[in-house]
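Asks: generate coordinates for the sequence data below:
(4 chains)
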2 protein chains.
Amino acid sequence: MHKRILVVEDEASIRDMVAFALRKADMEVIHAADARAALVAISDTPPDLILLDWMLPGMTGLELARRLRGEQGTAEVPIIMLTARGEEMDRVNGLEAGVDDYVVKPFSTRELIARIKAVLRRAQGDDGAGSIESGGLRIDGPAHRVYAGDTQIEIGPTEYRLLHFFMTHAERVYSRAQLLDQVWGGSVYVEERTVDVHIRRLRKTLEPFGVDGLIQTVRGTGYRFSVNP
Amino acid sequence: MHKRILVVEDEASIRDMVAFALRKADMEVIHAADARAALVAISDTPPDLILLDWMLPGMTGLELARRLRGEQGTAEVPIIMLTARGEEMDRVNGLEAGVDDYVVKPFSTRELIARIKAVLRRAQGDDGAGSIESGGLRIDGPAHRVYAGDTQIEIGPTEYRLLHFFMTHAERVYSRAQLLDQVWGGSVYVEERTVDVHIRRLRKTLEPFGVDGLIQTVRGTGYRFSVNP
DNA sequence: GCGCAACGTGACAGTCTCGTGACAGCGGCG
DNA sequence: CGCCGCTGTCACGAGACTGTCACGTTGCGC
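Replies: Next comes the predicted model:
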């Protein structure tokens, strides 16, 4: 899981340690040395989580947290505060300001990572996918299953996502680039022809069950899921 | 959804914070600073949910919870306990006493609201207490026991909670993160792979009794409890 | 019919996921 | 104290999955 973490911390040594640990845990790190820099960085692209030092030059972390909660677009971004021992008494204020968790210095990087993961986990909401039926195929989102009539079809992760996307976006042509964006996720680089291969695999998986011809090639453009031949 | 929440908490700062958050979420808040006040408030009008601090002057939250469970009219009122870090080990005792969920301090108001809503939702659907049967397995909620046919199965605490969760949420895939949230509790920091190990242990516990294949792996996504292969 | 570009297909090596056994820490209990 | 049940983590390996390539096939304009 690739996540963007904004680290707002003026002390270089801590910043570097944190950055090192986060990168090792496959997260992207953005720095900000003070509140102003943080606000700039956020307005650019809101991160998935904000690590906020309690004491900052100019504006305290708490003020910044309050401000972010009011801001548009960052109201739901989880915040974890870094506090030194003894500052804990203000915890309640922080919680009121919408801070999600605290990590008290000195902390182990291991603990920090664990906390971050826990908060991220909590933050990401439910996946509200029902079940869709089309062209003799049925895909059960919650159960993560695919049926052709009554028989269940075994299907790989990528094939599943691809099929799911197609069934929720039927009767429309998508280019390879669009499919890569939607099914693979925007931030990965893979060859466009890879889509071809997965289309092929999906067709091959479905074909023995008589649900043929649902995924159509539109030469020079892309692919389309359609009930009509 | 207008609900009445009884907050039993002696520390004023936390009480105020909680009250503030709850009111913002359109809930009615009743205060009680100790167990006696709580009992009085309850006998007046039973609330829809009780928020109970672990440590109270006079009587611990746990005792109060037990007492409420025995009381007429409050036996079904959901209880959420507030515990400080480090008191978590008694979680099992709490579950036995009929506590519905735990929130570990420090918590964010958002998390608290989310938990409260979840518990209320669950209480509405009334799946809590009875015994559930599925796939040749029977789980006796109140007695905390598991049967395969007529023979009882010895099972550890975590395995029990995991199985219980699965049986009350069958035919649906859950990611490791979701399982950690639901089975371990939202504010505990464990590796995701730990789920694998407990799944393994649960499978191994059930397997000698012929109830095989109930917990299925959905590669790249999570696990699913299902009677169908 | 020809040539070209687009697409289908099979193979393959690297990567990732998951199952599994082992192990150390921690309370509980005799 | 030593033993025991339970838990979280780790390391390892088998197997599934994936991205890419090379080559065959098809469609299309001329």
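Asks: what residues go with each domain of chain A?
Replies: A:3-123, A:131-225 (automatic domain parsing).
Asks: residues contacting whichever residue of chain A sits closest to DNA strand C?
Replies: Chain A approaches DNA strand C most closely through A:Thr217 (3.7 Å), counting by C-beta to the nearest atom of the strand. Heads up, the C-betas are built off the backbone N, CA and C, glycines and all. A:Thr217 is in contact with A:199, A:223, counting by C-beta atoms under 8 Å, 6 or more residues apart in numbering or on different chains.
Asks: where's it, which helix or strand?
Replies: strand A:215-218 (DSSP states H and E).
Asks: in that strand, what's buried?
Replies: A:Ile215 (16 or more other C-beta atoms under 10 Å in any protein chain shown).
Asks: what's downstream of it, the next helix or strand?
Replies: Strand A:215-218 is succeeded, C-terminally, by strand A:222-225 (DSSP H and E).
Asks: which secondary structure elements does that following strand sit against?
Replies: helix A:157-168, strand A:173-174, helix A:176-179, strand A:215-218 (3 or more C-beta pairs under 8 Å, 6 or more residues apart in numbering or on different chains; DSSP states H and E).
Asks: go through the third one and flag the buried ones.
Replies: What it means is helix A:176-179. A:176, A:178-179.
Asks: kindly report the same for the longest one.
Replies: Applying a neighbour-count criterion of 16+ other C-beta under 10 Å, the buried positions in helix A:157-168 are A:158-167.
Asks: what residues does chain A put near DNA strand D?
Replies: Contacts of chain A with DNA strand D, taken as C-beta under 7 Å from any atom of the strand, map to A:114, A:156-159, A:184, A:188-191, A:193-194, A:197-198, A:201, A:219.
Asks: ok, and of those, which contact chain B?
Replies: Counting by C-beta under 8 Å from any C-beta of the partner chain, A:114, A:156-157 from the residues of chain A next to DNA strand D sit close to chain B.
Asks: need the strands for chain A, in chain order.
Replies: A:3-8, A:27-32, A:49-53, A:79-84, A:101-105, A:131-134, A:137-140, A:145-148, A:151-153, A:173-174, A:215-218, A:222-225 (DSSP state E).
Asks: closest to B:Asp101 out of those strands?
Replies: B:Asp101 sits nearest to strand A:101-105 of all the strands of chain A, at 17.9 Å, using C-beta to C-beta.
Asks: tell me what angle the closest one forms with strand A:79-84.
Replies: If you take axes from the mean of the first three to the mean of the last three C-alpha atoms, to 10 degrees, strand A:101-105 sits at 20 degrees to strand A:79-84.
Asks: do strand A:101-105 and chain B meet?
Replies: Yes. Applying C-beta under 8 Å from any C-beta, one finds strand A:101-105 in contact with chain B at A:101-102.
Asks: so for that strand, what gets flagged as buried?
Replies: Within strand A:101-105, judged by 16+ other C-beta under 10 Å, the buried ones are A:101-104.
Asks: could you redo the residues you listed as a markdown table and give each row pLDDT?
Replies: Output for the buried residues of strand A:101-105, formatted as a markdown table (pLDDT from 0 to 100):
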| residue | pLDDT |
| --- | --- |
| A:Asp101 | 75 |
| A:Tyr102 | 73 |
| A:Val103 | 75 |
| A:Val104 | 70 |
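Asks: now the residues you listed as CSV including distance to DNA strand C?
Replies: Below are the buried residues of strand A:101-105 laid out as CSV (distance: C-beta to the nearest atom of the strand, whole Å):
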residue, distance to DNA strand C
A:Asp101, 22
A:Tyr102, 21
A:Val103, 20
A:Val104, 19
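Asks: show me which pair in the residues you listed is furthest apart.
Replies: A:Asp101 and A:Val104 (10.7 Å).
Asks: restrict stretch A:217-229 to CA atoms and write it as PDB.
Replies: Output of stretch A:217-229 as PDB, limited to C-alpha atoms (Å, rounded to 0.1, in the frame of the first residue of the first chain):
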ATOM      1  CA  THR A 217     -11.900  -5.300 -29.200                       C
ATOM      2  CA  VAL A 218     -12.400  -1.900 -30.800                       C
ATOM      3  CA  ARG A 219      -9.500  -1.700 -33.200                       C
ATOM      4  CA  GLY A 220      -7.300   1.300 -32.800                       C
ATOM      5  CA  THR A 221      -9.200   2.400 -29.700                       C
ATOM      6  CA  GLY A 222      -9.400  -0.100 -26.900                       C
ATOM      7  CA  TYR A 223     -11.900  -2.600 -25.300                       C
ATOM      8  CA  ARG A 224     -15.500  -2.600 -24.500                       C
ATOM      9  CA  PHE A 225     -17.700  -4.800 -22.300                       C
ATOM     10  CA  SER A 226     -21.100  -5.300 -24.000                       C
ATOM     11  CA  VAL A 227     -23.900  -7.800 -24.000                       C
ATOM     12  CA  ASN A 228     -24.600  -7.200 -27.600                       C
ATOM     13  CA  PRO A 229     -22.200  -8.700 -30.100                       C
END
